[in-house]
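**Q** next come a sequence and a model predicted from it.
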Amino acid sequence: QVQLVESGGGLVQAGGSLRLSCGASGRTFSMSAMAWFRQAPGKEREFVAVIQWNGAGTRYADSVKGRFIISRDNAKNTGYLQMNSLEPEDTAVYYCAAKRGIVTTSTTDRTYDYWGQGTQVTVSS
């Protein structure tokens, strides 16, 4: 099992920045990818970004490309989502997710085996 804990959410004005962190513990050696998803009120959960845990590849949703950067620190077993030029439309609960086994850059939430509890990001206009 892998446990994931997000942090770094909060309230920010439009145009501002936030950095989310996702700390992993447990059987972290089995992790092959870490992704971020988000869910706004009344909407379905959507893919934001993913990084292969070996750092070989990343993938972003079109809506955040050029504004968000996903990264990871293997030594700390921590993933990050740097969010810049935030817009009110980015307001959502952000979840990190991890995949075990086969390396992937999947954008589908059912691909991922482990999930954090989520952290709220609110962008005011």
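**A** Yep, that arrived.
**Q** excluding covalently adjacent residues, which one is nearest to Ile102?
**A** In this structure, Ile102 finds its nearest non-sequential neighbour in Ser32, 6.3 Å apart by Cβ to Cβ, 6 or more residues apart in numbering. Quick note: C-beta positions are derived from backbone N, CA and C, even for glycine.
**Q** next, the one you found: secondary structure please.
**A** Assigned with DSSP: H, G, I helix; E, B strand; the rest coil, Ser32 falls in the strand class.
**Q** how many residues are close by it?
**A** Counted with other Cβ atoms under 10 Å, the neighbours of Ser32 add up to 15.
**Q** just checking, it touches Ser106?
**A** No - contact criterion Cβ atoms under 8 Å: Ser32 and Ser106 do not qualify, at 10.6 Å.
**Q** next, show the common contact partners of these two.
**A** Lys99 (Cβ atoms under 8 Å, 6 or more residues apart in numbering).
**Q** per-residue pLDDT, the residue nearest the centre of the chain?
**A** Centroid-nearest residue in the chain: Trp36, 2.2 Å away (criterion: Cα atoms, centre = their mean). Note on Trp36: pLDDT of 98.
**Q** please name the nearest non-neighbouring residue to it.
**A** Val48 (4.2 Å).
**Q** tell me the SS of the one you found?
**A** strand.
**Q** show me what contacts it?
**A** Ala35, Trp36, Phe37, Arg38, Tyr60, Ala61, Val64, Phe68, Leu81, Tyr94.
**Q** quick one: pLDDT of it?
**A** At Val48, pLDDT is 98.
**Q** again, but for the one 5 residues further on
**A** According to the per-residue confidence, Trp53 scores 89 in pLDDT.
**Q** so Thr104: helix, strand or coil?
**A** coil.
**Q** now do the contacts for it.
**A** So Thr104 contacts Ser32, Ala33, Val50, Gln52, Thr111 (Cβ under 8 Å, 6+ apart).
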